[in-house]
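A.B. asks: Build me a model from this:
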Amino acid sequence: MSVRYLSCGDTAFTVEFGNQISPQINGQVMALHGAIGAARADGALKGVVETVPSMRSLMVTYDPMATSRAALQPEIDALISRGLPAEAKTRRVTIPCCYDDPEFAPDLTEVAERTKRTPEQVIEGHLKSAFTVYVLGFMPGLAYIAGLDPSLYLPRRSEPRVRVPKSSVSIAMNMTVIYPFESPGGWHLIGRTPIWLFDQRREQPVFLAPGDHLTFERIDRKTFDRIAAEVEAGTLDWSTLVKE
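C.D. replies: Numbers count the residues shown, from 1 in each chain. A predicted model of the protein is given here:
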(Lines give C-alpha, C1' and ligand atoms only; values in the text may rest on other atoms or scores of the structure.)
Protein backbone atom coordinates (compact mmCIF):
# COMPACT_ATOMS: atom_id res chain seq x y z
CA MET A 1 0.00 0.00 0.00
CA SER A 2 1.48 3.35 -1.08
CA VAL A 3 0.88 6.26 1.26
CA ARG A 4 2.18 9.81 1.46
CA TYR A 5 2.86 11.77 4.65
CA LEU A 6 2.34 15.54 4.67
CA SER A 7 3.09 17.89 7.57
CA CYS A 8 0.33 20.13 8.93
CA GLY A 9 2.30 22.55 11.07
CA ASP A 10 4.15 21.33 14.15
CA THR A 11 1.27 19.47 15.80
CA ALA A 12 -0.18 17.34 13.00
CA PHE A 13 0.44 15.46 9.77
CA THR A 14 -1.74 13.66 7.26
CA VAL A 15 -1.49 10.12 5.93
CA GLU A 16 -2.73 10.30 2.33
CA PHE A 17 -3.92 7.14 0.59
CA GLY A 18 -4.62 8.54 -2.88
CA ASN A 19 -5.87 11.48 -4.88
CA GLN A 20 -9.31 10.12 -5.78
CA ILE A 21 -12.58 9.88 -3.92
CA SER A 22 -13.53 6.21 -3.83
CA PRO A 23 -14.98 3.65 -1.41
CA GLN A 24 -11.69 1.73 -1.43
CA ILE A 25 -9.53 4.72 -0.48
CA ASN A 26 -12.00 5.95 2.12
CA GLY A 27 -12.14 2.41 3.52
CA GLN A 28 -8.36 2.48 4.02
CA VAL A 29 -8.64 5.85 5.76
CA MET A 30 -11.27 4.52 8.15
CA ALA A 31 -9.32 1.29 8.73
CA LEU A 32 -6.23 3.26 9.79
CA HIS A 33 -8.42 5.51 11.93
CA GLY A 34 -9.68 2.41 13.74
CA ALA A 35 -6.24 0.79 13.97
CA ILE A 36 -4.72 3.89 15.57
CA GLY A 37 -7.62 4.05 18.01
CA ALA A 38 -7.09 0.42 18.99
CA ALA A 39 -3.34 0.96 19.37
CA ARG A 40 -3.90 3.96 21.64
CA ALA A 41 -6.33 1.92 23.73
CA ASP A 42 -3.53 -0.64 24.20
CA GLY A 43 -1.13 2.07 25.39
CA ALA A 44 0.80 2.60 22.15
CA LEU A 45 1.30 5.76 20.07
CA LYS A 46 1.96 7.96 23.08
CA GLY A 47 1.29 11.63 22.43
CA VAL A 48 -1.38 11.21 19.77
CA VAL A 49 -4.29 13.56 20.56
CA GLU A 50 -6.79 12.49 17.90
CA THR A 51 -7.18 11.35 14.32
CA VAL A 52 -9.50 13.11 11.86
CA PRO A 53 -10.66 11.16 8.78
CA SER A 54 -11.26 12.88 5.45
CA MET A 55 -12.33 11.43 2.11
CA ARG A 56 -8.84 10.24 1.15
CA SER A 57 -6.50 10.95 4.07
CA LEU A 58 -6.24 10.79 7.83
CA MET A 59 -4.94 13.69 9.89
CA VAL A 60 -3.01 12.71 13.00
CA THR A 61 -2.71 15.42 15.65
CA TYR A 62 -0.22 15.06 18.48
CA ASP A 63 1.21 16.82 21.52
CA PRO A 64 4.60 18.20 20.40
CA MET A 65 5.79 18.14 24.02
CA ALA A 66 5.25 14.38 24.11
CA THR A 67 6.15 13.15 20.63
CA SER A 68 6.88 14.18 17.06
CA ARG A 69 6.10 13.21 13.48
CA ALA A 70 9.56 11.62 13.27
CA ALA A 71 8.66 9.31 16.16
CA LEU A 72 5.08 8.56 15.11
CA GLN A 73 5.50 7.99 11.39
CA PRO A 74 7.47 4.70 11.70
CA GLU A 75 4.89 3.39 14.17
CA ILE A 76 2.05 4.20 11.79
CA ASP A 77 4.03 2.71 8.90
CA ALA A 78 4.30 -0.48 10.94
CA LEU A 79 0.53 -0.54 11.52
CA ILE A 80 -0.08 -0.21 7.79
CA SER A 81 2.57 -2.83 6.91
CA ARG A 82 0.95 -5.37 9.23
CA GLY A 83 -2.24 -4.99 7.18
CA LEU A 84 -5.30 -2.90 7.89
CA PRO A 85 -8.63 -4.66 8.44
CA ALA A 86 -10.68 -4.98 5.26
CA GLU A 87 -13.63 -3.31 6.94
CA ALA A 88 -13.64 -1.42 10.21
CA LYS A 89 -16.48 -1.74 12.70
CA THR A 90 -19.25 0.61 11.63
CA ARG A 91 -22.79 1.58 12.55
CA ARG A 92 -25.88 1.12 10.39
CA VAL A 93 -28.11 4.17 10.59
CA THR A 94 -31.66 4.62 9.29
CA ILE A 95 -32.76 8.16 8.44
CA PRO A 96 -36.52 8.78 8.19
CA CYS A 97 -37.29 11.10 5.27
CA CYS A 98 -40.47 12.70 3.93
CA TYR A 99 -40.33 13.16 0.15
CA ASP A 100 -44.03 13.81 -0.47
CA ASP A 101 -44.53 17.38 0.74
CA PRO A 102 -43.69 19.98 -1.96
CA GLU A 103 -42.41 22.27 0.79
CA PHE A 104 -39.81 19.62 1.67
CA ALA A 105 -38.90 18.61 -1.88
CA PRO A 106 -38.92 21.72 -4.09
CA ASP A 107 -36.41 20.24 -6.56
CA LEU A 108 -37.88 16.75 -6.88
CA THR A 109 -39.75 17.44 -10.14
CA GLU A 110 -36.74 19.15 -11.72
CA VAL A 111 -34.42 16.31 -10.69
CA ALA A 112 -36.87 13.85 -12.27
CA GLU A 113 -36.97 15.81 -15.52
CA ARG A 114 -33.19 16.20 -15.74
CA THR A 115 -32.54 12.52 -15.02
CA LYS A 116 -35.40 11.41 -17.32
CA ARG A 117 -37.25 9.73 -14.49
CA THR A 118 -40.50 10.18 -12.64
CA PRO A 119 -40.50 11.69 -9.13
CA GLU A 120 -41.35 8.24 -7.76
CA GLN A 121 -38.34 6.74 -9.53
CA VAL A 122 -36.09 9.45 -8.06
CA ILE A 123 -37.37 8.61 -4.59
CA GLU A 124 -36.89 4.88 -5.21
CA GLY A 125 -33.33 5.51 -6.43
CA HIS A 126 -32.52 7.49 -3.30
CA LEU A 127 -34.04 4.84 -1.04
CA LYS A 128 -32.10 1.97 -2.63
CA SER A 129 -28.73 3.79 -2.60
CA ALA A 130 -26.04 2.23 -0.38
CA PHE A 131 -24.74 5.29 1.43
CA THR A 132 -21.60 5.68 3.56
CA VAL A 133 -20.50 8.74 5.52
CA TYR A 134 -17.11 9.79 4.18
CA VAL A 135 -16.35 12.93 6.16
CA LEU A 136 -17.85 15.69 8.31
CA GLY A 137 -17.35 19.28 7.22
CA PHE A 138 -18.69 22.70 6.16
CA MET A 139 -20.65 23.13 9.41
CA PRO A 140 -21.08 21.14 12.65
CA GLY A 141 -22.89 17.89 11.98
CA LEU A 142 -22.92 18.06 8.18
CA ALA A 143 -21.92 14.69 6.74
CA TYR A 144 -20.83 14.11 3.17
CA ILE A 145 -22.56 10.83 2.35
CA ALA A 146 -21.46 8.99 -0.80
CA GLY A 147 -23.12 6.17 -2.70
CA LEU A 148 -26.00 7.81 -4.57
CA ASP A 149 -27.53 5.67 -7.29
CA PRO A 150 -25.70 6.60 -10.55
CA SER A 151 -29.00 7.28 -12.31
CA LEU A 152 -29.43 10.38 -10.12
CA TYR A 153 -26.03 12.02 -10.62
CA LEU A 154 -26.37 15.77 -11.22
CA PRO A 155 -24.00 18.70 -10.68
CA ARG A 156 -24.79 21.29 -8.03
CA ARG A 157 -27.44 23.89 -8.83
CA SER A 158 -26.21 26.72 -11.05
CA GLU A 159 -27.73 29.24 -8.59
CA PRO A 160 -27.38 28.29 -4.91
CA ARG A 161 -30.15 29.17 -2.49
CA VAL A 162 -29.55 31.82 0.14
CA ARG A 163 -31.49 29.75 2.69
CA VAL A 164 -31.88 25.98 2.84
CA PRO A 165 -34.15 24.80 5.70
CA LYS A 166 -32.68 22.78 8.54
CA SER A 167 -32.80 18.98 8.06
CA SER A 168 -33.29 19.23 4.28
CA VAL A 169 -32.18 16.11 2.39
CA SER A 170 -30.36 16.96 -0.83
CA ILE A 171 -28.34 15.38 -3.63
CA ALA A 172 -25.52 16.38 -5.98
CA MET A 173 -22.88 14.37 -7.84
CA ASN A 174 -22.64 10.93 -6.20
CA MET A 175 -23.61 12.18 -2.74
CA THR A 176 -26.46 13.14 -0.46
CA VAL A 177 -26.25 15.59 2.43
CA ILE A 178 -28.59 16.60 5.25
CA TYR A 179 -28.34 20.23 6.34
CA PRO A 180 -27.91 20.41 10.14
CA PHE A 181 -28.83 24.11 10.24
CA GLU A 182 -30.54 26.62 7.99
CA SER A 183 -27.81 27.84 5.67
CA PRO A 184 -26.98 28.74 2.07
CA GLY A 185 -26.71 25.72 -0.20
CA GLY A 186 -26.48 24.67 -3.82
CA TRP A 187 -27.64 21.05 -3.74
CA HIS A 188 -30.97 19.70 -5.03
CA LEU A 189 -33.61 19.41 -2.28
CA ILE A 190 -35.65 16.20 -2.57
CA GLY A 191 -36.94 15.66 0.97
CA ARG A 192 -36.60 16.45 4.66
CA THR A 193 -35.91 14.41 7.78
CA PRO A 194 -37.48 15.18 11.16
CA ILE A 195 -34.26 14.39 13.01
CA TRP A 196 -31.55 16.90 13.87
CA LEU A 197 -28.02 16.17 12.73
CA PHE A 198 -26.68 18.42 15.50
CA ASP A 199 -28.30 18.75 18.92
CA GLN A 200 -26.27 20.31 21.72
CA ARG A 201 -28.56 18.73 24.32
CA ARG A 202 -27.23 15.28 23.46
CA GLU A 203 -24.12 13.83 25.09
CA GLN A 204 -22.73 13.45 21.56
CA PRO A 205 -24.24 16.46 19.70
CA VAL A 206 -23.21 15.23 16.23
CA PHE A 207 -25.42 12.32 15.16
CA LEU A 208 -23.48 10.88 12.20
CA ALA A 209 -19.84 9.81 12.07
CA PRO A 210 -17.37 8.87 9.31
CA GLY A 211 -17.79 5.22 8.39
CA ASP A 212 -21.52 5.05 9.18
CA HIS A 213 -23.60 3.10 6.64
CA LEU A 214 -26.89 4.85 5.89
CA THR A 215 -30.26 3.98 4.47
CA PHE A 216 -33.24 6.29 4.15
CA GLU A 217 -36.73 5.25 5.21
CA ARG A 218 -39.74 6.89 3.56
CA ILE A 219 -42.30 8.42 5.91
CA ASP A 220 -45.46 10.45 5.36
CA ARG A 221 -46.10 13.96 6.66
CA LYS A 222 -48.07 12.72 9.68
CA THR A 223 -45.16 10.51 10.78
CA PHE A 224 -42.74 13.36 10.07
CA ASP A 225 -44.69 15.68 12.39
CA ARG A 226 -44.82 13.05 15.14
CA ILE A 227 -41.07 12.36 15.06
CA ALA A 228 -40.28 16.08 14.77
CA ALA A 229 -42.30 16.73 17.93
CA GLU A 230 -40.36 14.02 19.78
CA VAL A 231 -37.04 15.49 18.62
CA GLU A 232 -38.11 18.97 19.68
CA ALA A 233 -39.17 17.70 23.11
CA GLY A 234 -36.02 15.62 23.54
CA THR A 235 -37.98 12.38 23.92
CA LEU A 236 -36.95 10.55 20.75
CA ASP A 237 -35.28 7.20 21.35
CA TRP A 238 -32.27 7.67 19.06
CA SER A 239 -31.19 4.06 19.53
CA THR A 240 -34.08 2.98 17.27
CA LEU A 241 -32.22 4.60 14.35
CA VAL A 242 -28.85 2.92 14.94
CA LYS A 243 -27.58 -0.66 14.80
CA GLU A 244 -24.03 -1.12 16.08
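
A.B. asks: Domain parsing of this protein, as residue ranges.
C.D. replies: 4-81, 92-237 (automatic domain parsing).

A.B. asks: Which of the ones you listed comes out lowest on mean pLDDT?
C.D. replies: Among these, domain 4-81 has the lowest mean pLDDT, at a mean of 93.

A.B. asks: Go ahead and measure how far that one is from the middle of the chain.
C.D. replies: Centroid displacement of domain 4-81 relative to its chain, using CA atoms, centre = their mean, to the nearest Å, is 19 Å.

A.B. asks: How far does it stretch from one end to the other?
C.D. replies: End-to-end span of domain 4-81 (CA to CA, to the nearest Å): 14 Å.

A.B. asks: Kindly provide the distance from residue 91 to residue 186.
C.D. replies: Taking CB to CB, to the nearest Å as the measure, residue 91 falls 29 Å from residue 186. All C-beta atoms are positioned from the backbone trio N, CA, C, and that covers glycine.

A.B. asks: Which residue ranges of the chain form strands?
C.D. replies: Using DSSP state E, the strands of the chain run over 4-7, 12-16, 48-53, 57-62, 92-97, 131-136, 143-146, 161-164, 168-172, 175-178, 183-185, 188-192, 213-218, 242-243.

A.B. asks: Looking at those, spot the one closest to residue 32.
C.D. replies: Nearest of the strands of the chain to residue 32, taken as CB to CB: strand 57-62 at 5.3 Å.

A.B. asks: got the angle between that closest one and strand 12-16?
C.D. replies: Put simply, strand 57-62 runs at 160 degrees to strand 12-16, going by axes from the mean of the first three to the mean of the last three CA atoms, to 10 degrees.

A.B. asks: I'd like the numbering to begin with 40 instead of 1 from here.
C.D. replies: Okay, using 40 as the starting number, the last item reads as strand 96-101.

A.B. asks: residues of strand 96-101 that come out buried?
C.D. replies: 96, 97, 98, 99, 100, 101 (16 or more other CB atoms under 10 Å).

A.B. asks: Check stretch 267-275 too.
C.D. replies: 267, 270, 275.

A.B. asks: who touches that stretch?
C.D. replies: 233, 234, 235, 238, 240, 266 (CB atoms under 8 Å, 6 or more residues apart in numbering).

A.B. asks: If any of these are buried, give me the ChimeraX selection for them.
C.D. replies: Provided next is the ChimeraX selection string for whichever of these are buried by 16+ other CB under 10 Å:
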select :233,234,235,238,266
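
A.B. asks: any idea how far the nearest residue to residue 45 once chain neighbours are set aside is from residue 86?
C.D. replies: Nearest residue to residue 45, sequence neighbours excluded (CB to CB, 6 or more residues apart in numbering): residue 53, at 4.8 Å. Distance, residue 53 to residue 86, using CB to CB: 17 Å.

A.B. asks: Which one's more surrounded, these two?
C.D. replies: residue 53 (19 against 15; other CB atoms under 10 Å).

A.B. asks: show me what contacts that one?
C.D. replies: 44, 45, 47, 93, 96, 97, 98, 99.

A.B. asks: That's all I had, so thanks and see you.
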